[in-house]
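Asker: Here's a sequence, model it:
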Amino acid sequence: MYTLPTTPQDWSSHIDRVKQRFDREFKQEALALPPEVEAMPLFRQWVSRELSKKITSPFWEIAKFQKNQRCLDIGCGVSFLIYDWCTWQTYFYGQEICILAKDALNSRAPQLNSKLFKGVKQGSAHQLDYEAQMFDRVIATGFSCYYPPAYWELVISSVKKVLKPDGLFIFDAIDPDTEMAENWAILEMYLGAEVYLSPLTQFTKMVKDAGGKVISTKKGELFQMYQVKFNA
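Answerer: Coordinates of the predicted model:
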């Protein structure tokens with residue numbers, strides 16, 4: 001049983017650590033790591049950016065985007081610049097804790113498609129300042145592993161409020177049984193963020209407890225994706 005924090009401030013130091021980890025990566029800051037870490041095959045794949053390609057969750061494969069839908073991408077990074085949002089013809093709203101990524105996207109994305117791009121807000125995943133039932137799709141991939149299950153319960157609750165009754169929530173969670181999970185967690189620790197190797201059964205339980213249902217899942221090399229619909 002997890003005890004939920006009573007105020008957003010209870011999570012601020014944890015969120016700041018995750019933010020700093022991604023700020024450093026976005027700025028491509030050099031890190032002094034132990035030789036045994038730099039010798040890890042995963043570290044070399046991280047440096048060459050091959051690791052990112054291997055572990056990125058292809059959310060579009062289960063999001064089932066339709067033209068003119070509204071989608072909120074939480075922890076979006078520079079998503080609008082690197083994925084096929086223009087092809088999907090979906091209105092893009094972003095939320096991101098990394099200021100540099102947010103500013104880069106808000107500066108460059110309107111040049112790509114000012115009609116579909118609706119801007120990126122800076123903010124954490126559990127604080128979604130949007131109208132109720134505003135979105136057809138909510139995406140949250142690549143960051144659940146940096147937070148304990150108690151925090152993810154808050155995220156699910158917040159997503160439920162802004163998602164339309166027939167909308168879909170797509171998120172991913174690290175599969176602790178995958179071959180690379182433990183080594184990846186070690187690498188991330190040295191990069192500045194703790195990884196929580198929570199059993200996947202906890203995520204399905206959280207969805208159920210929030211009044212949702214897992215419609216489908218899709219396994220990757222490190223993460224498993226979930227397509228969720230909440231009860232009306």
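Asker: which secondary structure elements does the longest strand along the chain contact?
Answerer: When the chain is parsed with DSSP state E, its longest strand is strand 163-174. For strand 163-174, the helices and strands in contact under the criterion 3 or more C-beta pairs under 8 Å, 6 or more residues apart in numbering; DSSP states H and E are helix 60-63, strand 135-140, helix 149-162, strand 223-230. Where C-beta positions appear, they are placed from N, C-alpha and C, glycine not excepted.
Asker: at 7 Å instead, please
Answerer: Counting by 3 or more C-beta pairs under 7 Å, 6 or more residues apart in numbering; DSSP states H and E, the packing neighbours recorded for strand 163-174 are helix 60-63, strand 135-140, strand 223-230.
Asker: Could you say which of those is packed most deeply?
Answerer: Ranked by mean neighbour count under mean count of other C-beta atoms under 10 Å, these are led by strand 135-140, which reaches a mean of 25.
Asker: Quick one: mean pLDDT for it?
Answerer: The average pLDDT within strand 135-140 is 98.
Asker: dump the residue contacts of Ser216.
Answerer: Ser216 makes contact with Ile62, Gln227, according to C-beta atoms under 7 Å, 6 or more residues apart in numbering.
Asker: What segments of this protein are strands?
Answerer: 70-74, 91-96, 117-122, 135-140, 163-174, 212-219, 223-230.
Asker: List the buried residues of the third one.
Answerer: Judged by neighbour count (16 or more other C-beta atoms under 10 Å), strand 117-122 contains these buried residues: Phe117, Lys118, Val120, Lys121.
Asker: Was I right to think Lys229 contacts Ala210?
Answerer: No: Lys229 lies out of contact with Ala210 (C-beta atoms under 7 Å); the separation is 11.4 Å.
Asker: Give me the pLDDT value at the closest residue to Cys76 other than its chain neighbours.
Answerer: Residue nearest to Cys76 in three dimensions, not counting chain neighbours: Gly94, with 3.8 Å by C-beta to C-beta, 6 or more residues apart in numbering. At Gly94, the pLDDT value in this model is 98.
Asker: If you tally nearby residues, what's the number for Gly94?
Answerer: Neighbour count of Gly94, defined by other C-beta atoms under 10 Å: 26.
Asker: What's opposite it in the beta bridge?
Answerer: Asp73, Val120 (DSSP bridges).
Asker: just Phe223 next, same as before
Answerer: Bridge pairing for Phe223 - DSSP bridges - gives Ile174.
Asker: isn't it right up against Asp172?
Answerer: Yes: between Phe223 and Asp172 there is a contact under C-beta under 7 Å: 4.1 Å.
Asker: Which residues are in contact with each of the two?
Answerer: Ser57.
Asker: quick one on the thing from earlier: any buried residues in the longest strand of the chain, and which?
Answerer: Quick answer for strand 163-174 (16+ other C-beta under 10 Å): Leu163, Lys164, Gly167, Leu168, Phe169, Ile170, Phe171, Asp172, Ala173, Ile174.
Asker: What does the residue nearest the centre of the chain show for phi and psi?
Answerer: For the chain, Thr141 is the residue whose C-alpha lies nearest the centre (C-alpha atoms, centre = their mean; 3.0 Å). When read as degrees, to the nearest 10, the backbone of Thr141 gives phi -120, psi 150.
Asker: Next, format the buried residues of strand 117-122 as TSV and append distance to Lys219 and pLDDT.
Answerer: Conversion of those to TSV gives the following (distance: C-beta to C-beta, whole Å; pLDDT from 0 to 100):
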residue	distance to Lys219	pLDDT
Phe117	31	98
Lys118	32	98
Val120	29	97
Lys121	31	97
